[in-house]
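# For reference, the sequence and a predicted model appear below.
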Amino acid sequence: VHWPGKAKLPPGSPEHSRFRRETWMALEACVEAGWVRHSGVSNYTEEHLEEMGGYAKIFPYANQIELHPLYLPSARFFELCAEMNIRIQAYSSLAQGKLVTETFIRERREYRRMIESRLKEGGARSAMVAAQICLSWARLKGWSVIPKTVHPDRIQSNFILLELSSSEMAYLDRLHLEDPEAAKVCWDPSQVS
């Protein structure tokens, strides 16, 4: 289920809840019939998952959400996914490229140091190293990532898993606190009731 709301309904419509339930019941029937092995959701918030907990017999295999060091859902969201055994899949893992721009890197001293220390090691470009750092951070958290690129060198580079220290992980964990207003780069499912 790609979105927690029905197209052409106002975001605050209570009908979204009914359509979510009906859609999920149909997907559960597909799993029970053996037509599909797993089903999942995308853009479901803590509130949508709590609602689902009231009617679902089978929880989503995965929830695909916008997730990167500049935007993190609440701690309760991650707890709820763990309780329901829902895997996290991150899209827009580089904040639509914001995390790899020279301006962003230059303005954050600790982030720049993390990148520069690895540039000396391998001689790669700073944008590629920044991407490797952010994707490694998410993968070390146990989340799968789906970065978007059509460039073969970036695709290959995105597979490199870097070792990150506990202080580097902690820095990336709190990076979203530096600029909370500009953090979300994609649509906002929290507006869908």
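Yes, it's here. Numbering: from 1, shown residues only.

# Show the pLDDT at the residue lying farthest from the centre of the chain.
Of all residues in the chain, Ala33 has its C-alpha farthest from the mean position, at 30.2 Å, by Cα atoms, centre = their mean. For Ala33, the pLDDT comes out at 96.

# Could you give the backbone dihedrals for it?
phi -80, psi -10 (degrees, to the nearest 10).

# How about Ser93?
Backbone torsions for Ser93, taken as degrees, to the nearest 10, come to phi -60, psi -10.

# was I right about it contacting Pro69?
No: applying Cβ atoms under 8 Å as the test, Ser93 and Pro69 come out as separate, 9.2 Å apart. Every residue, glycine included, has its C-beta placed from N, CA and C.

# Give me the common contacts of these two.
Cys134 (Cβ atoms under 8 Å, 6 or more residues apart in numbering).

# Strands of the protein, start to end?
Along the chain, counting by DSSP state E, strands occupy 41-42, 62-66, 87-91, 144-145.

# export those strands to CSV and tack on distance to Ala130, mean pLDDT and mean neighbour count?
Below are the strands of the chain laid out as CSV (distance: least, Cβ to Cβ, whole Å; pLDDT from 0 to 100; neighbours: other Cβ atoms under 10 Å):
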stretch, distance to Ala130, mean pLDDT, mean neighbour count
strand 41-42, 26, 96, 21
strand 62-66, 18, 95, 22
strand 87-91, 16, 95, 19
strand 144-145, 14, 93, 17
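
# Tabulate those strands in a markdown table, adding columns for distance to His176.
What follows is the strands of the chain, written out as a markdown table (distance: least, Cβ to Cβ, whole Å):
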| stretch | distance to His176 |
| --- | --- |
| strand 41-42 | 20 |
| strand 62-66 | 12 |
| strand 87-91 | 13 |
| strand 144-145 | 16 |
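
# Glu178 is nearest to which of those?
Proximity to Glu178 (Cβ to Cβ) singles out strand 62-66 among the strands of the chain, at 17.5 Å.

# what residues does stretch 38-45 touch?
1-4, 27-28, 30-31, 48, 52, 58, 60-66, 73, 77, 86, 89, 91, 187, 189-190.

# what's around the closest residue to Ile155 other than its chain neighbours, how many residues?
Leaving aside its sequence neighbours, Ile155 sits nearest to Thr149 (Cβ to Cβ, 6 or more residues apart in numbering; 5.8 Å). A count of neighbours around Thr149, defined by other Cβ atoms under 10 Å, yields 14.

# what about the closest residue to Cys134 other than its chain neighbours, neighbour count?
Take Cys134 and drop its neighbours on the chain: the residue closest to it by Cβ to Cβ, 6+ apart is Leu99, 5.2 Å away. Leu99 has 25 neighbouring residues, counting by other Cβ under 10 Å.

# quick one: the residue found closest to Phe104 once you drop the neighbours it is linked to in the chain from Asp153, how far?
Once flanking residues are discounted, Phe104 sits nearest to Lys98: 5.8 Å by Cβ to Cβ, 6+ apart. According to Cβ to Cβ, to the nearest Å, Lys98 and Asp153 sit 20 Å apart.
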